[in-house]
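Asker: give the three-dimensional model of this entry:
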Amino acid sequence: MPEKASDIWWLFSRQTVSVSMKESVLKAAVLMKNRNFRHLPILAESGKLLGIISVQDIVDSLNLTLQASTSADDVR
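Answerer: Just a heads-up that it's a prediction; the model follows:
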């Protein structure tokens, strides 16, 4: 952590942690857990920002998947 306000460069010079569009949701979730992040930028191969994935996005997608699988089991 910087010792004085003039050392603000420290905050902006760190490497950003991100995932590519091709990464799995599981890998993004594990990265978030290991780094204690709640959001990750999603980058294209060119480095262009495509969006941001959040922990809540992952929870919501798992919830929808579980609901769909439960509904399919009820039909059988």
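
Asker: tell me which stretches of the protein form helices.
Answerer: 9-13, 25-35, 55-75 (DSSP state H).

Asker: out of those helices, deepest packed?
Answerer: helix 25-35 (a mean of 13; mean count of other Cβ atoms under 10 Å). Heads up, the C-betas are built off the backbone N, CA and C, glycines and all.

Asker: what's that one packed up against?
Answerer: Judged by 3 or more Cβ pairs under 8 Å, 6 or more residues apart in numbering; DSSP states H and E, helix 25-35 is in contact with strand 19-20, strand 39-43, helix 55-75.

Asker: can you rerun that using 10 Å?
Answerer: strand 19-20, strand 39-43, strand 49-54, helix 55-75 (3 or more Cβ pairs under 10 Å, 6 or more residues apart in numbering; DSSP states H and E).

Asker: closest to residue 46 out of the helices of the chain?
Answerer: Closest approach to residue 46 among the helices of the chain is made by helix 25-35 (19.4 Å; Cβ to Cβ).

Asker: what's the mean pLDDT across the closest one?
Answerer: Helix 25-35 shows a mean pLDDT of 93.

Asker: buried residues in stretch 37-44?
Answerer: Burial within stretch 37-44, assessed by neighbour count using 16 or more other Cβ atoms under 10 Å, is assigned to 40, 42, 43.

Asker: now do the same contact list for the second one.
Answerer: For residue 42, the residues meeting the contact criterion (Cβ atoms under 10 Å, 6 or more residues apart in numbering) are 18, 19, 20, 21, 23, 28, 48, 49, 50, 51, 52, 53.

Asker: measure it to residue 67 for me?
Answerer: Distance of residue 42 to residue 67, computed by Cβ to Cβ, to the nearest Å: 25 Å.

Asker: look up the pLDDT of the spatially closest residue to residue 41 that is not a sequence neighbour for me, please.
Answerer: Residue nearest to residue 41 in three dimensions, not counting chain neighbours: residue 18, with 4.4 Å by Cβ to Cβ, 6 or more residues apart in numbering. In this prediction, residue 18 carries a pLDDT score of 93.

Asker: doesn't residue 31 make contact with residue 18?
Answerer: Yes. The criterion here is Cβ atoms under 10 Å, and residue 18 meets it with residue 31 at 9.2 Å.
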